[in-house]
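Engineer: here are the coordinates; sequence isn't available:
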């Protein structure tokens with residue numbers, strides 16, 4: 001007859017085996033979702049449908065994968081910053097066009113939208129190693145253009161895109177002027193415990209207290225919490241407090257880790273912001289927050305020593321920028 005503790009051991013063993021099976025077989029399908037249910041992989045629309053001037057840009061990553069992207073210009077003689085935008089894990093860049101349309105209008109900037117490998121019209125299959133190469137190819141392309149101010153390239157990432165952008169900013173302090181993160185996770189390891197609570201004791205990031213014996217099976221850990229402390233450029237954290245996918249505490253943890261070594265960090269939360277709609281539900285305050293950040297840290301004449309935001313600035317107080 002099996003003892004009580006024997007049953008417990010069998011139960012724990014079953015959880016571990018089930019967790020390993022899920023991680024090995026389905027992790028890429030959980031992390032990367034290039035095609036939304038019920039929709040085609042192809043772009044539902046192009047920037048021209050929204051009357052945006054753009055060009056199709058085809059790139060090659062360092063491992064030879066062919067990548068598609070859109071370079072969308074605010075105006076023929078735009079002297080504003082160029083934002084390299086990295087999307088969330090699901091869908092493709094066409095699903096972000098309305099957001100980008102308003103971004104151009106409110107920030108008077110250019111926007112470069114990259115399709116990760118396996119997404120949209122890009123070839124290949126998504127992975128952390130591969131997408132890191134894709135992001136580098138996009139930045140290298142922008143850095144070589146002669147029709148933009150290459151001293152004003154800003155990386156903007158939402159959710160998974162924030163993890164991608166953080167790695168790129170850390171690796172390219174001389175090419176990326178600033179980083180904007182929105183509703184980004186500390187790591188996929190921590191998110192595994194959020195999405196699959198029964199795995200929480202066996203998998204987790206640097207702050208996890210469990211044995212983390214399943215971490216070695218994760219092929220795309222995206223440890224943003226470890227990367228963020230190595231970024232030297234100014235960082236703006238945009239956190240929707242109603243985020244239903246990534247716990248808002250993740251953004252606060254990233255900010256606290258960043259300011260240990262980087263004083264040019266700003267954290268702004270939005271009480272009504274959810275994972276995907278913070279920019280929409282929080283309206284003018286959302287865009288004014290970004291505008292203030294860009295005005296200070298990415299001015300038209302790039303300065304190496306950035307000045308502090310005036311504590312008496314009324315707009316700054318309204319937007320609750322925290323150090």
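Structural biologist: Ah, there it is. Just so it is clear, the model here is predicted, and its values are computed rather than measured.

Engineer: What distance do you get for the closest residue to residue 175 other than its chain neighbours to residue 93?
Structural biologist: Of all residues not flanking residue 175 in the chain, residue 143 sits nearest, at 5.1 Å (C-beta to C-beta, 6 or more residues apart in numbering). For the C-beta atoms, the positions are set from N, CA and C on the backbone; glycine is no exception. Residue 143 is 20 Å from residue 93, where distance means C-beta to C-beta, to the nearest Å.

Engineer: okay, now the residue nearest to residue 175: neighbour count?
Structural biologist: Neighbours of residue 143 under the rule other C-beta atoms under 10 Å: 15.

Engineer: The one helix or strand it maps to - contacts with which helices or strands?
Structural biologist: Applying DSSP states H and E as the criterion places residue 143 in helix 128-144. If contacts are counted by 3 or more C-beta pairs under 8 Å, 6 or more residues apart in numbering; DSSP states H and E, helix 128-144 sits against strand 54-60, strand 66-72, strand 82-86, strand 110-114, strand 153-158, helix 160-171.

Engineer: Show me the contact partners of the fourth one.
Structural biologist: Outside of strand 110-114, the residues within contact range by C-beta atoms under 8 Å, 6 or more residues apart in numbering are 57, 67, 69-74, 78, 80-87, 93, 96, 100, 103-104, 134-135, 138, 141-142, 148.

Engineer: rewinding a little: show me which positions of the helix holding residue 143 end up buried.
Structural biologist: Within helix 128-144, the residues scored as buried using 16 or more other C-beta atoms under 10 Å are 128, 130-139, 141-142.

Engineer: Tell me the one of the residues you listed nearest residue 32?
Structural biologist: residue 131 (8.4 Å; C-beta to C-beta).

Engineer: Quick check: the closest one touching residue 164?
Structural biologist: Yes: between residue 131 and residue 164 there is a contact under C-beta atoms under 8 Å: 5.9 Å.

Engineer: tell me the contacts of the nearest residue to residue 76 once chain neighbours are set aside?
Structural biologist: Excluding the flanking residues, the one nearest residue 76 by C-beta to C-beta, 6+ apart is residue 53, at 7.8 Å. The contact partners of residue 53, by C-beta under 8 Å, 6+ apart, come to 47, 72, 73, 75, 76.

Engineer: Need the residues that contact the strand or helix carrying residue 106.
Structural biologist: Element membership for residue 106 (DSSP H and E) is helix 97-107. Contact with helix 97-107 is made by 45, 47, 49-50, 52, 72, 74, 80-81, 83, 85, 109-111, 113, 279-280, 287, 290-291, 294, as judged by C-beta under 8 Å, 6+ apart.

Engineer: What residues sit buried inside that helix?
Structural biologist: For helix 97-107, by 16+ other C-beta under 10 Å, it's 97, 99, 100, 101, 103, 104, 107.

Engineer: In contact with residue 269, which residues?
Structural biologist: Residues in contact with residue 269 (C-beta under 8 Å, 6+ apart) are 239, 240, 241, 248, 251, 320.

Engineer: Next, it: secondary structure please.
Structural biologist: Under DSSP: H, G, I helix; E, B strand; the rest coil, residue 269 falls in the strand class.

Engineer: Give the bridge partners for it, please.
Structural biologist: residue 239 (DSSP bridges).

Engineer: Domain-wise, how is the chain divided?
Structural biologist: Following automatic domain parsing, one finds the domains of the chain at 1-31+188-219, 38-185+222-318.
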